[in-house]
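Q: can't give you the sequence, but here's the structure:
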């Protein structure tokens, strides 16, 4: 099911829905409003139909990466993360290594300062 409504930023009037209906004539219109509606396909779309659906709804085509390119992008992403962390001086979360009730940088558990604390 393909739903098109006025909330789609690609059009701001009922003409957008009318245009979408014409362009998606390979599907059956199940809801036909003035500025919105739904279209159902009884099969998978062809490549050309899928391209038209993506264009109308503003969905980018998925990229297929080779293993080599995927590895390069992973390394670049890790390097960018390290660079950003260094710029922001993000400190690692030490709570997992110190345990509950122990403040990072100390080995003594936290003592309750209030009598009603558990």
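A: Okay, I see it. In this text the structure is predicted, and so the values were computed from the model without any measurement.

Q: pLDDT score assigned to the closest residue to residue 1 other than its chain neighbours?
A: Setting aside the residues directly before and after it, residue 1 is nearest to residue 40 in space (Cβ to Cβ, 6 or more residues apart in numbering), at 5.0 Å. In this view, the C-beta of every residue, glycine as well, is placed from N, C-alpha and C. Looking at residue 40, its pLDDT stands at 89.

Q: Same question for residue 55.
A: pLDDT at residue 55 comes out at 88.

Q: Where does it fall, secondary structure wise?
A: Assigned by DSSP states H and E, residue 55 belongs to helix 47-57.

Q: repeat for residue 83
A: Take DSSP H and E as the rule and residue 83 turns out to sit in helix 67-88.

Q: Residue 38 and residue 54: what is the separation?
A: 17 Å (Cβ to Cβ, to the nearest Å).

Q: cool, and residue 31?
A: For residue 31, the distance to residue 54 - Cβ to Cβ - is 21 Å.

Q: can you check residue 78 too?
A: 31 Å.

Q: Would you mind telling me which of those two has more residues around it?
A: residue 54 (14 against 10; other Cβ atoms under 10 Å).

Q: Show the contacting residues for the more buried one.
A: By Cβ atoms under 8 Å, 6 or more residues apart in numbering, the residues touching residue 54 are 60, 61.

Q: Then residue 27?
A: 2, 39, 40, 41.

Q: For the closest residue to it other than its chain neighbours, list each beta-bridge partner.
A: Distances taken as Cβ to Cβ, 6+ apart put residue 39 closest to residue 27, at 3.9 Å, once the chain neighbours are dropped. On the basis of DSSP bridges, residue 39 is bridged to residue 2, residue 29.
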